[in-house]
Every structure is written in structure tokens, then in C-alpha cells.
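J.: Test case, fold it:
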Amino acid sequence: MRTFDHNSGQYFEVNNACIYYEETGNREKPTLLMLHGGFENIENLNIIADYLSESFSIIGIDSRGHGKSTLGDGKLTYEQMQLDVEAILNHLRIDTLSILGFSDGGIVATRIAASNRVNVENLIIIGSSWSVKDVTSSEEVVKTINTESAKEIFSDNYKTYQLLNPEPDFNCFTQAMVKMWLDKTETGHPDERVKNISARTLIIRGDNDFLVSLESISALQRNIKDSSLLNVPFVEHVVHQEQKEIVEIAIKQFLCS
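T.: Have a look, this model is predicted:
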């Protein structure tokens with residue numbers, strides 16, 4: 001088993017923050033970048049990295065402020081996370097790859113694929129919003145999130161954050177996350193820019209996902225030329241954990257076909 005462990009990685013400094021990343025898998029195989037969700041860290045994607053480690057050279061990045069990565073002193077945005085990732089890829093001299101992103105990580109992955117600054121051959125988006133309309137539909141719920149409620153909602157990841165982060169300040173981190181989730185500007189969701197995506201794309205959603213509507217995700221599929229949609233029944237947001245076997249089959253078939 002080759003998975004992320006927060007012991008074997010390195011730091012790379014980007015815009016006043018130290019971004020932590022790890023490389024695992026089969027170094028002789030094509031590159032797969034994995035981007036986790038909000039309040040998570042790279043170890044949350046081990047359930048997927050485990051079954052892809054023989055077929056890919058895998059890079060995992062703790063998003064800015066998450067896991068072992070520091071927050072820095074600037075505004076936290078999806079655009080800044082995108083720039084962090086692209087800086088690390090440039091540092092590693094990687095210009096062609098596949099990307100898998102869950103939730104917030106999927107938003108960043110979609111921004112990268114839409115920018116075409118690197119050659120994204122395959123894109124997998126799991127439980128991710130993409131448009132300003134998605135922000136509008138969820139903003140009343142997002143506005144209710146504060147430090148104490150975030151500790152309860154993300155209790156396991158809060159404990160991990162306190163253990164891993166070199167500059168832990170959960171109150172500041174939570175405020176930055178809420179502002180990012182509410183961002184309706186160019187630094188937020190990719191919105192209509194998804195039409196620029198040329199990568200083969202697999203979009204995965206849990207049928208009971210209250211954060212990402214089927215209507216929105218169907219519109220995303222229509223906007224990406226070479227894309228497929230898997231809407232998995234009986235599960236909510238973290239579909240790759242709730243229906244591991246179905247998602248594993250789909251991802252393997254998509255990436256290895």
C-alpha cells in the first residue's frame with residue numbers, strides 16, 4: 001500500500017505560505033495530482049490513492065491553511081489555491097498530468113483545467129460546485145458556519161489540523177474558509193470558464209448531496225465537451241467513502257481505459 005502519511009513530504013513556499021506536498025505511488029507511471037476537500041488534508045484521499053498507487057505517480061497537496069500547509073497572510077481564495085498548485089507543478093517540472101479533486105479540491109482542479117496553463121489529460125471531479133449560482137444557493141447555510149460549529153461539523157479534521165498544522169489558528173482559518181466559500185468574484189468558482197476545459201472529464205456526485213444539485217452538475221457536464229457524469233444513488237457528499245466500490249470501478253475504468 002502506497003498512501004499519504006504526512007511524514008515523507010516536503011514544503012514549497014508560495015506567496016508567504018509554506019505549502020506541504022507528498023509524492024507516492026509508482027514513479028515510473030503517469031502523474032496524478034490529488035486535491036482534497038475543505039477542512040481536510042491529503043490523508044482523506046488515501047481511500048482512493050490506495051487503489052491507484054500501482055498505476056500512477058501520485059502527488060498530494062495539503063491546500064493552503066489545511067493539514068501541514070500554512071495559511072499565509074493574504075486572502076484565501078480558490079484562485080490562490082490554484083496558483084499554489086501550479087507553482088508546485090512548475091517546481092517539479094510537471095506540465096502534463098491527470099487531476100482528481102474532491103469538493104473544494106475539485107473546484108481548484110476545474111480552475112486549473114480551464115486555465116490550460118498545464119496540460120490536464122484527465123480530470124475527475126467529485127462532489128464539486130462550479131458556478132456563481134452554486135454559491136448563491138448555499139450562502140445562507142454557509143453564513144451560519146463559525147469556529148464552534150466548524151469544530152463539530154469537521155471534528156475529526158479539526159483534531160488532525162491541531163496536530164499537524166505548524167501555525168494552528170482555527171478561528172482565523174474558519175473565517176478565511178467561509179469568505180472563500182462565499183466568493184462570487186473571478187477569484188472564486190470557474191463558472192463559464194469551464195467551457196475551456198479540453199481534458200477528458202469524469203464528474204461524480206452522490207444523489208443525496210445537499211451541497212451540489214443534480215441540476216447544477218448536469219449543466220457542468222453539458223459545458224465540458226468530453227465529459228461523463230456518474231450520479232451515485234443512496235449517498236451524500238463524500239461519495240467515494242460511502243460507495244467506495246462503485247466509485248473505484250468508475251475511476252479505474254475512466255483512467256485506465
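J.: S57 touches E23, doesn't it?
T.: Yes: using CB atoms under 8 Å, S57 is in contact with E23, at 7.0 Å. For glycine as for every other residue, the C-beta is placed from the backbone atoms N, C-alpha and C.
J.: and S227, how many neighbours?
T.: By other CB atoms under 10 Å, 18 other residues sit near S227.
J.: Repeat that for E22.
T.: 23.
J.: again, but for the one 5 residues further on
T.: Neighbourhood size, R27 [other CB under 10 Å]: 10.
J.: Next up, the contacts around the closest residue in space to it that isn't next to it in sequence.
T.: Spatial nearest neighbour of R27, chain neighbours left out: S57 (4.9 Å); criterion: CB to CB, 6 or more residues apart in numbering. Listed by CB atoms under 8 Å, 6 or more residues apart in numbering, the contact partners of S57 are E23, G25, N26, R27, E28, K29, P30, T31, L32.
J.: Note down every partner strand of the host helix or strand of L230 and its orientation.
T.: Element membership of L230, judged by DSSP states H and E, is strand 227-232. Here strand 227-232 is paired, per DSSP bridges, with strand 200-206 (parallel).
J.: Just the mean pLDDT for the partner strand, thanks.
T.: Taken as a whole, strand 200-206 has a mean pLDDT of 98.
J.: now do stretch 115-132
T.: For stretch 115-132, mean pLDDT rounds to 97.
J.: gap between the two ends of that stretch?
T.: 18 Å (CA to CA, to the nearest Å).
J.: Likewise for stretch 194-211?
T.: 19 Å.
J.: Output the lowest mean pLDDT helix or strand found in the chain.
T.: Using mean pLDDT, DSSP states H and E, the weakest-scoring helix or strand in the chain turns out to be helix 132-142, at a mean of 94.
J.: On the three-state scheme, the residue most central in space within the chain is what?
T.: In the chain, the centroid-proximal residue (CA atoms, centre = their mean) is G105; its distance is 1.1 Å. Three-state call for G105 (DSSP: H, G, I helix; E, B strand; the rest coil): helix.
J.: Quick check: nearest residue in space to it, chain neighbours excluded?
T.: Spatially, and ignoring its direct neighbours in sequence, G105 is nearest to L35 (3.0 Å; CB to CB, 6+ apart).
J.: and if you look at G72?
T.: A17 (3.2 Å).
J.: go on, S137?
T.: S213 (7.1 Å).
J.: pLDDT score assigned to the one you found?
T.: At S213, pLDDT is 96.
J.: F210: how many residues sit nearby?
T.: Neighbours around F210, by other CB under 10 Å: 10.
J.: Kindly report the same for Q10.
T.: Using other CB under 10 Å: Q10 sits among 13 other residues.
J.: now swap in K225 and tell me
T.: Neighbourhood size, K225 [other CB under 10 Å]: 12.
J.: and what of E86?
T.: 18.
J.: any idea how far it is from N116?
T.: Taking CB to CB, to the nearest Å as the measure, E86 falls 11 Å from N116.
J.: Any regions of the stretch 151-257 of the chain where pLDDT drops low?
T.: Scanning the stretch 151-257 of the chain for pLDDT under 70 picks out nothing.
J.: now the helices for it?
T.: 155-164, 170-181, 214-223, 239-242, 244-256 (DSSP state H, counting those that start in this stretch).
J.: Pretty sure E22 sits in a strand.
T.: Yes: under three-state DSSP, E22 sits within a strand.
J.: I'd say it and Y11 touch.
T.: No: if you go by CB under 8 Å, E22 and Y11 don't touch, sitting 10.8 Å apart.
J.: So which residues of the stretch 51-200 of the chain form strands?
T.: 57-61, 96-102, 119-126, 200-206 (DSSP state E, counting those that start in this stretch).
J.: how near is the spatially closest residue to C172 that is not a sequence neighbour to V85?
T.: Spatially, and ignoring its direct neighbours in sequence, C172 is nearest to L71 (6.8 Å; CB to CB, 6+ apart). Going from L71 to V85 by CB to CB gives 16 Å.
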